[in-house]
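Engineer: Got a sequence here, can you model it:
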Amino acid sequence: DRFSRHGIRGTFDRSLMVPTKKDQAMIAEGEELRLKAQEELNRILKSPAFHGSPRCKQFLQFVVDRALDGQYDVLKERMIGIEVFGRDPAYQTDGDSVVRVRASDVRRRLIQYYSVAETVPACRIEIPSGSYIPHFLPAEGSTPSLPSASLNTAEKSGKITASRGAESADVEPGSRMSRR
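Structural biologist: This next block holds a predicted model:
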């Protein structure tokens with residue numbers, strides 16, 4: 001057998017190659033969250049909060065799409081500057097704040113969008129301060145989750161949490177953040 005030729009001993013259980021029911025459920029749950037996040041993104045981009053700001057729309061579309069695809073490595077300031085805002089690959093992020101400014105603007109617009117939302121979304125999209133990686137929070141009363149393909153990457157990187165901590169707390173209309 002080919003495994004013993006490579007120093008692997010023991011029996012090989014080919015049934016391990018088939019996803020278990022638990023794996024299939026996680027995949028389905030991840031796909032459901034992905035669809036909800038994409039639907040919510042489309043609603044956000046069409047909302048008055050994002051009307052008239054094509055750069056904010058581009059930024060949000062880019063970070064959400066890459067996060068849903070598990071491409072967290074491109075959600076860095078330099079890569080966003082290059083991919084979304086057409087900056088030269090050699091540009092200095094400390095001298096060009098376009099990504100930081102636009103991220104702040106997008107965060108403010110998301111707060112505005114959710115403060116006037118008429119219905120509770122099936123999935124809430126937030127971008128915590130200090131990060132360009134969006135969080136996908138399910139409707140109130142549900143357990144937070146991430147797409148299953150992203151879960152392992154998120155746990156290993158330690159950069160994503162799907163929790164309702166201080167970074168993802170609801171902000172009341174009229175608070176300091178919503179007046180900017």
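Engineer: for the protein, which spans come out with low pLDDT?
Structural biologist: When the per-residue scores of the chain are filtered using pLDDT under 70, the ranges that remain are 1-20, 22-28, 140-180.
Engineer: how about the strands in it?
Structural biologist: In the chain, the strands defined using DSSP state E lie at 123-126, 135-138.
Engineer: Can you lay out these as JSON lines showing distance to Gln112 and mean neighbour count?
Structural biologist: All C-beta atoms are positioned from the backbone trio N, CA, C, and that covers glycine. Below are the strands of the chain laid out as JSON lines (distance: least, CB to CB, whole Å; neighbours: other CB atoms under 10 Å):
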{"stretch": "strand 123-126", "distance to Gln112": "13", "mean neighbour count": "21"}
{"stretch": "strand 135-138", "distance to Gln112": "17", "mean neighbour count": "21"}
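Engineer: a markdown table please, covering the ones you listed and showing distance to Val74.
Structural biologist: Formatted as a markdown table, the entries for the strands of the chain read as follows, by distance: least, CB to CB, whole Å:
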| stretch | distance to Val74 |
| --- | --- |
| strand 123-126 | 18 |
| strand 135-138 | 17 |
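Engineer: elements contacting the biggest helix by length in the chain?
Structural biologist: For the chain, the helix reaching the highest residue count under DSSP state H is reported as helix 21-46. Under the contact criterion of 3 or more CB pairs under 8 Å, 6 or more residues apart in numbering; DSSP states H and E, the helices and strands touching helix 21-46 comprise helix 54-68, strand 123-126, strand 135-138, helix 148-157.
Engineer: now do 7 Å
Structural biologist: helix 54-68, strand 123-126, helix 148-157 (3 or more CB pairs under 7 Å, 6 or more residues apart in numbering; DSSP states H and E).
Engineer: which of the residues in it are buried?
Structural biologist: Of the residues in helix 21-46, those scored as buried under the neighbour-count criterion (16 or more other CB atoms under 10 Å) are 26, 29-30, 33-34, 36-37, 40-41, 44-45.
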